[in-house]
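Q: need a structure here:
(chains A and B)
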Amino acid sequence: DTEVTQTPKHLVMGMTNKKSLKCEQHMGHRAMYWYKQKAKKPPELMFVYSYEKLSINESVPSRFSPECPNSSLLNLHLHALQPEDSALYLCASSQGPNTGELFFGEGSRLTVL
Amino acid sequence: AQKITQTQPGMFVQEKEAVTLDCTYDTSDPSYGLFWYKQPSSGEMIFLIYQGSYDQQNATEGRYSLNFQKARKSANLVISASQLGDSAMYFCAMRLNQAGTALIFGKGTTLSVSS
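A: Below you'll find the predicted structure:
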């Protein structure tokens, strides 16, 4: 069983909707990540939180808004998305920003209509 | 800057045979880590094995071993005694050991194991 939990597993939304993806880990990890993955492509880094502070933002459009309420939780707020944003969104965590392997959740599969 | 290259889009192997998945990387930084992940059709990324740039010995984890050739900048994954459940996408990944960097992935190799 994965120790990184993502909800929801599937999400369908219209271009005017506001929704959120949630990620939770209880391993005491201090770095958390959002990756976006299109079909048959590698994951692409979106954001990195290190000790609850945003440390990397890979020039992601502002319609994606990350939030780290505490060391165990990571959210990705979605607003005014485009159909091309449809993808698998993977959350991951690691002991530290440059320490240990990344543990991934099962992902949230997003479809934007 | 860092770059990961996987040149094999797909590999086919029979059960119980060994298979090597290729990975080359490029960085001028002396301190880095190399990772292999498996992604079944369900979507979850499963960590397989890790090699640090200063590690003297090749990493092994059960049926997985990493053939690390630092001078050639290669980090090939060897799976011994393939099983049907090994059919999946395999990603090689790299992370520099410095602030402001994160794990980046190669394009992946799809492994198909047949009986």
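Q: Which strand or helix spans the most centrally placed residue in chain A?
A: Residue closest to the average C-alpha location in chain A (C-alpha atoms, centre = their mean): A:Trp34, at 3.2 Å. Assigned by DSSP states H and E, A:Trp34 belongs to strand A:31-37.
Q: Residues of chain A that sit close to chain B?
A: A:2, A:33, A:40-43, A:45, A:48, A:55-56, A:88, A:90, A:92, A:97-98, A:101-107, A:109 (C-beta under 8 Å from any C-beta of the partner chain). Glycine gets a C-beta too; all of them are placed from N, C-alpha and C.
Q: Can you get me the centre-to-centre distance for the lowest-mean-pLDDT helix or strand in chain A and its chain?
A: Here the helix or strand of chain A ranked lowest by mean pLDDT, DSSP states H and E is strand A:53-57, holding a mean of 91. Strand A:53-57 has its C-alpha centroid displaced from the chain centroid by 13 Å (C-alpha atoms, centre = their mean, to the nearest Å).
Q: Chain A contacts on chain B?
A: Checking chain B against chain A by C-beta under 8 Å from any C-beta, the hits are B:35, B:37, B:42-47, B:50, B:89, B:91, B:95-108.
Q: could you flag which of those residues are buried?
A: Taking 16 or more other C-beta atoms under 10 Å in any protein chain shown as the criterion, what is buried in those is B:35, B:37, B:43-45, B:47, B:50, B:89, B:91, B:95-96, B:101-108.
Q: How about residue 3, nearest residue that isn't a chain neighbour?
A: This is for chain A. Using C-beta to C-beta, 6 or more residues apart in numbering or on different chains and skipping residues adjacent in sequence, the residue nearest A:Glu3 is A:Met27, 5.5 Å away.
Q: other chain: chain B
A: According to C-beta to C-beta, 6+ apart, the nearest residue to B:Lys3 is B:Asp26 (4.3 Å).
Q: Can you name the residues that contact that neighbour?
A: Neighbour list for B:Asp26: B:1-3, B:5, B:73 [criterion: C-beta atoms under 8 Å, 6 or more residues apart in numbering or on different chains].
Q: in what helix or strand does it lie?
A: Using DSSP H and E, B:Asp26 falls in strand B:24-27.
Q: burial count for the residue nearest to A:Glu3?
A: Using other C-beta atoms under 10 Å in any protein chain shown, A:Met27 is surrounded by 13 other residues.
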